[in-house]
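Colleague: any chance you can model this:
(one chain, ligands or ions: 1)
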Amino acid sequence: MARTVPLNQVRNMGIMAHIDAGKTTCSERILFYCGKNYKIGEVHEGAATMDYMVQEQERGITITSAATSVTWRDHQISLIDTPGHVDFTAEVERSLRVLDGAIALFCAVGGVQPQTEQVWRQSEKYEVPKLCMVNKMDRVGADFFSVIEEIRSELGGNPVLMVYPIGQGEEFKGLVDLLNMKALTFDEASRGVKIIESEIPADLLDECKKYHIEMMEKAAEQDEALMEKYLGGELLSIDEIKKGLRIGTMARKLVPAYCGTAFKNKGVQPLLDGIVDYLPSPQDVGTIHSADNPDVCREPKDDAPFSGLAFKILSDKHMGKITFIRVYSGTLRIGDPILNSTLDQEARIGRLFRMHANRQEALEEAYAGDIVAVVGLTKTRTGDTICCRDNPIMLESIEFPAPVISISIRPSSRNDNEKLGMSLHSLAMEDPTFLVRYDQETGETIISGMGELHLEIIVDRLRREFGVECEVGKPEVAYRETIRHKAEGEYKHVKQSGGRGQYAHVCLRLEPQEPGHGFAFVNEVKGGVIPNEYLPAVEKGVIKAMESGPCGGFPVVDVKCTVYYGSYHEVDSNEFAFIECARQCFKNLFLKGNPQLLEPIMSVEVAVPEDYMGSATGSICGRRGRVEGMDDKAGTKLVRGYVPLGEMFGYSNSIRTMTQGRGTFTMVFEHYEGVPYELSEQIIEKRKKEGKVR
Ligand code: GDP
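Modeller: Reported below is the predicted structural model:
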């Protein structure tokens, strides 16, 4: 066996877009033109193949990032689906981590929307080269050039026009290919498969020439030899322009820009050409480094030691747990023993697949640069590194934001208790931003996620995929607890109740850490006053105390805990005694450290017609929020601000009522901030009444 597609002809890419920009339709057309999926499924009919799960089709939004492989001009393109809804930013992050290039898709009427802005920023963080596609050119009000301007001014991108629209909105007829300087129209009867080339319409010729020259200049700027030639008065050949643009795209100095209408089958093939011509192959992306040791690295070669990253987990009724892996180096074979270096556990590759839109292709081997699905890795989680046993490496994991919202959940029928537990466990394995916690004191199961919709979908999946009907409580903010001052002191755990006694004694120092720095445990014990064997128990006790904070029973964050002194008893000391002792000591000290509740602050953007500006601003201020700025966009007013999540429940209803259905909003988690004193007293009081504070 050997690879069939050379590495430089592999493209791993995804489409990033604001919800409703047409990502699903566009992906669908890509599959169609690549010949793998002959029936075009319309999104509104719920037949789109990329939408992996049933309820996604019903809701018309794409939640999961399944990966589909297609072929275009002898290139293997793996299309990694990225979701469009803000509640799924973690899904976007994880896809960005493993793809080499992306298409930023815009609606020709809506232009740059808040979410595109956010995803664009994320893609810059991961240094992902991009193409732009302005979709929905057939819609009334479509304006390619104003979207291009927004890409420049709002996203800081440097778009290079690759096509020029022939007409816009209802008049949109086709494109001028500005590279080859030809007009293209898309035959309707063949659903755009047949492309008719013709001369550029006379009235557009001057404009198109101008853009062709601009493209040539931008290409020349990317390479010295090309620049020299161009400055010497010579024109660049088409291949030379392509070469320059490829260099510029990969260095993220420019973004080739396309337009069309996926829905009406116009303009998708030039975009596919763009993927092949300008987006990088795994070879271009090059060597990948170990997270903990910069000297350890892997080249994207089939004969290098195997390394890969698990970026997506799905459970399938028939196949069981499917792990999507991006192979960075080496060759992966069925039956190979491999190492999950994140968990330090060995496993064996059961079955190996390449996913196509409507079928799974069983593989014997996968090669550097491939995106494949593996069955048999039962313990592997999203973000884990999988590698060759004899040559381990640890790749940088994927960072996920912490959940900000929680609800209690219980099965409608008591008999389903166990089934609920197992189903939640398997959902949590798939989704690292979804947490499940069993509160022993109250006997409640609490699930937490990134937003109301996120949890709604989970509950929906429980019913549909696992057959568990559930009842849920009201959504609650996932508050946190921390301290503002240093506190230190001792605690002795002594019990003498008949038989063998219990003895432990610890001295701890708690200090606040910078926000986001999490928990640190430091051992400064000298001379074995607490024997080494009990130190893990001390840490365990502290961690246990932090799970349910002393103020309101919320998780404790950003605290450094140092154990610096203590004592033990030859007979009465044991692990349990030290766990209990450290837990109690932490709790007491925490309350002395000027504790504070933290709440998630959301970045909110409200879009309303001008008449409702005042109400929109008022709705932010009235929710303990602060307005950060206002904008005017295509006749709509945008109000941007920060609002605590706790004040945002039910906001969609209230904005609808306030604006007679004409206002919309988006919100994204921004950071945690201290809760005002009076409010935190109320929250704590309520939690105490509910028996949630120990
Ligand atoms: P997604 O949310 O980004 O995946 O967007 P979809 O592909 O689901 O599209 C959202 C809606 O826009 C659907 O009703 C599509 O039929 C429609 N749509 C998609 N592409 C176009 C287009 O090029 N023109 C027009 N007029 N509608 C489109």
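Colleague: low-confidence ranges, the chain, go.
Modeller: For the chain, the stretches with pLDDT under 70 are 1, 36-66, 82-92, 94, 114, 317, 357-359, 440-442, 498, 633-635.
Colleague: per-domain residue ranges of it.
Modeller: The record's domain parsing of the chain by automatic domain parsing lists 7-284, 288-387, 405-476, 481-593, 598-679.
Colleague: distance to the ligand and mean neighbour count added to those domains, as TSV?
Modeller: All C-beta spots, glycine's among them, are computed from the backbone N, C-alpha and C. What follows is the domains of the chain, written out as TSV (distance: least, CB to the nearest ligand atom, whole Å; neighbours: other CB atoms under 10 Å):
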stretch	distance to the ligand	mean neighbour count
domain 7-284	3	20
domain 288-387	15	19
domain 405-476	14	17
domain 481-593	32	18
domain 598-679	14	17
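Colleague: reformat the ones you listed as CSV; add distance to Leu395.
Modeller: Putting the domains of the chain into CSV (distance: least, CB to CB, whole Å) gives the following:
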stretch, distance to Leu395
domain 7-284, 10
domain 288-387, 4
domain 405-476, 16
domain 481-593, 21
domain 598-679, 26
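Colleague: contacts for stretch 232-244, please.
Modeller: For stretch 232-244, contacts defined as CB atoms under 8 Å, 6 or more residues apart in numbering pick out 179-180, 215-216, 218-223, 226, 229-230, 277-278.
Colleague: what do you get for stretch 565-581?
Modeller: For stretch 565-581, the external contacting residues (CB under 8 Å, 6+ apart) are 490-493, 495, 500-507, 525, 529-531, 534, 537-538, 540-541, 544.
Colleague: repeat that for stretch 610-621.
Modeller: For stretch 610-621, with CB under 8 Å, 6+ apart as the criterion, the contacting residues are 604, 606, 608, 626-627, 630, 635, 637, 639, 641, 643, 651, 654-655, 658-659, 662-663.
Colleague: before we move on, what about stretch 484-494?
Modeller: Taking CB under 8 Å, 6+ apart as the criterion, the residues outside stretch 484-494 that touch it are 501-512, 564-566, 577-578, 580-582, 584-585, 588-590, 592-596.
Colleague: the residues you listed in strands, which ones?
Modeller: Counted as lying in strands by DSSP state E, out of the contacts of stretch 484-494, are 502-512, 564-566, 595-596.
Colleague: phi first, then psi, for Leu395.
Modeller: For Leu395, the backbone dihedrals (degrees, to the nearest 10) come out as phi -90, psi 160.
Colleague: pairing partners for the residue lying closest to it once chain neighbours are set aside in the sheet, please.
Modeller: Distance criterion CB to CB, 6 or more residues apart in numbering; nearest residue to Leu395, sequence neighbours excluded, is Thr385 at 4.5 Å. The bridge-partner assignment for Thr385, based on DSSP bridges, gives Leu309.
Colleague: thinking Thr385 is in contact with Leu377, fair?
Modeller: No. No contact is recorded between Thr385 and Leu377 when judged using CB atoms under 8 Å, the distance being 11.9 Å.
Colleague: what do these two both touch?
Modeller: Ala310, Asn340.
Colleague: can you check the distance spanned by stretch 124-139, start to finish?
Modeller: The first and last residues of stretch 124-139 sit 30 Å apart, counting by CA to CA, to the nearest Å.
Colleague: next one: it to chain centre, how far?
Modeller: In terms of CA atoms, centre = their mean, to the nearest Å, the centre of stretch 124-139 is found 17 Å from the chain centre.
Colleague: next: stretch 604-619.
Modeller: The gap between where stretch 604-619 is centred and where its chain is centred comes out at 29 Å by CA atoms, centre = their mean.
Colleague: that stretch: end-to-end distance?
Modeller: 11 Å.
Colleague: ok, now stretch 108-118?
Modeller: Between the opening and closing residues of stretch 108-118 we find a distance of 18 Å, counting by CA to CA.
Colleague: now swap in stretch 319-337 and tell me
Modeller: From the first residue to the last, stretch 319-337 extends over 20 Å; the measure is CA to CA.
Colleague: before we move on, what about stretch 135-145?
Modeller: Using CA to CA, first and last residues of stretch 135-145 are 12 Å apart.
Colleague: going forward, begin numbering at 24 instead of 1
Modeller: Done: numbering now begins at 24, and the last item shifts to stretch 158-168.
Colleague: which parts of the stretch 124-273 of the chain are helices?
Modeller: 137-148, 167-178, 228-243, 247-254, 261-273 (DSSP state H, counting those that start in this stretch).
Colleague: tilt between the last one and helix 228-243?
Modeller: Angle of helix 261-273 versus helix 228-243, following axes from the mean of the first three to the mean of the last three CA atoms, to 10 degrees, is 60 degrees.
Colleague: could I have the CA atoms of helix 261-273 written out in PDB?
Modeller: In PDB, the C-alpha atoms belonging to helix 261-273 read as follows (Å, rounded to 0.1, in the frame of the first residue of the first chain):
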ATOM      1  CA  ILE A 261      -0.800  33.600 -15.400                       C
ATOM      2  CA  ASP A 262       1.400  31.000 -13.700                       C
ATOM      3  CA  GLU A 263       3.600  33.800 -12.200                       C
ATOM      4  CA  ILE A 264       0.500  35.600 -10.800                       C
ATOM      5  CA  LYS A 265      -0.700  32.400  -9.300                       C
ATOM      6  CA  LYS A 266       2.700  31.700  -7.800                       C
ATOM      7  CA  GLY A 267       2.800  35.200  -6.200                       C
ATOM      8  CA  LEU A 268      -0.700  34.900  -4.900                       C
ATOM      9  CA  ARG A 269       0.000  31.500  -3.400                       C
ATOM     10  CA  ILE A 270       3.000  32.900  -1.500                       C
ATOM     11  CA  GLY A 271       0.900  35.900  -0.300                       C
ATOM     12  CA  THR A 272      -2.100  33.800   0.800                       C
ATOM     13  CA  MET A 273       0.100  31.300   2.700                       C
END
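Colleague: just the angle between that helix and helix 247-254, please?
Modeller: 130 degrees.
Colleague: check which element follows helix 261-273 along the chain.
Modeller: Read in the C-terminal direction, the helix or strand following helix 261-273 is strand 278-282, with elements assigned using DSSP states H and E.
Colleague: partners of that following strand, with directions?
Modeller: When pairing is defined by DSSP bridges, strand 278-282 lines up against strand 153-158 (parallel), strand 182-184 (parallel).
Colleague: now the end-to-end length of stretch 406-423.
Modeller: End-to-end distance of stretch 406-423 (CA to CA): 9 Å.
Colleague: buried residues, it. List them.
Modeller: Of the residues in stretch 406-423, those buried under the neighbour-count criterion (16 or more other CB atoms under 10 Å) are 406-411, 415-418, 420-421, 423.
Colleague: show me the two of the residues you listed that sit farthest apart.
Modeller: The most widely separated members of the buried residues of stretch 406-423, counting by CB to CB, are Cys411 and Phe423 (26.3 Å).
Colleague: mind listing the strands for the stretch 74-223 of the chain?
Modeller: Along the stretch 74-223 of the chain, counting by DSSP state E, counting those that start in this stretch, strands occupy 90-95, 98-104, 124-130, 153-158, 182-184, 186-189, 197-200, 205-209, 218-221.
Colleague: so which of these gets nearest Leu295?
Modeller: Taking CB to CB as the measure, these were each checked against Leu295, and strand 90-95 came out nearest at 4.8 Å.
Colleague: run the chain-centre distance for the closest one.
Modeller: For strand 90-95 - counting by CA atoms, centre = their mean - the centre lies 21 Å from the chain centre.
Colleague: end to end, how far does stretch 206-223 reach?
Modeller: With CA to CA, one end of stretch 206-223 sits 5 Å from the other.
Colleague: what lies in contact with it?
Modeller: Contact partners of stretch 206-223, identified using CB under 8 Å, 6+ apart, comprise 52, 55-56, 63, 189, 196-200, 204-205, 224, 231, 287-293.
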